[in-house]
Structure formats: structure tokens, C-alpha cells
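[1] Just to be clear, the model below is a prediction. Sequence and coordinates:
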Amino acid sequence: MLRLLREHGPLTRGQLGTLCGLARTTVYDVVGALMVSGTVVASVPAATRRKRGRPAEVLTLNPEAGQVLGIEFARRAVRVAAMDAAHGSSGPYWMPTGSREVRQRRCRS
């Protein structure tokens, strides 16, 4: 279910059930556990037009649930990218490693 939310973005429980093929009660149990753990958050869209009943909640990944850091050490540069659990990016950053200034700093250390 987390993979589906990462790939498709915000989804309702019904949409999750259709995409994963699990029974409705299983989807509700899994989503409930993910909400209790803080991994998934639910919200009601502001402008939903329904004739009757309660509007469907939309489920999204909680951006505060975790951070991911990726580091690539290349021959001439180091690249760093950071993102939260909902794929909000705060990078990428890079620094050339082959410059004269960096080599001089390495030699002095």
C-alpha cells in the first residue's frame, strides 16, 4: 500500500483496494495500522460534491514519517540528495572533488 501511495499520490481506501486487489476489510485494517503508526495521514478534500453520505477520506504519505539520504561518490564529485517520506526533495547538492582547492585541503589534513 505504501508503494501505491508513493507511485500514485493521494488515494481513497476504495482506490487502494482496487489497485492492490485486497478485500475491503483488509485494506481498512492495514490503513488503520499505518495511520496509528503515523506513516499515512487522512484528509477530506475541501470541495467534494456528494449527494449523500460522508465524503471519502484521501490518504497520503506523512512527510514527517521519515527522511531518506542518498550519497553518490563519483570520481570527480560527491552528490547528496535528501527527501522526506512523501518524496519532498531538499536537494540535490554536489561538490566537485577534483578541484585544486579540494586536493590542497586533503594534502594539508
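    Looks like it arrived, so ask away.
[2] so where is this structure shaky, pLDDT-wise?
    Applying pLDDT under 70 to the chain flags the ranges 46-51, 86-109.
[3] isn't there a strand covering residue 5?
    No: according to DSSP: H, G, I helix; E, B strand; the rest coil, the state of residue 5 is helix, so it is not within a strand.
[4] Excluding covalently adjacent residues, which one is nearest to it?
    residue 61 (5.2 Å; C-beta to C-beta, 6 or more residues apart in numbering). All C-beta spots, glycine's among them, are computed from the backbone N, C-alpha and C.
[5] what do you get for residue 4?
    residue 19 (5.2 Å).
[6] Could you tell me how many residues sit around the one you found?
    16 (other C-beta atoms under 10 Å).
[7] again with the one 4 residues further on
    Under the neighbour criterion other C-beta under 10 Å, residue 23 is assigned a count of 10.
[8] what does residue 27 give?
    So residue 27, with other C-beta under 10 Å, has 20 neighbours.
[9] re the thing from before, confirm the residue nearest to residue 4 sits in a helix?
    Yes: looking at residue 19 with three-state DSSP, it is inside a helix.
[10] I'd say it and residue 12 touch.
    No: with contact defined as C-beta atoms under 8 Å, residue 19 does not count as touching residue 12 (10.6 Å).
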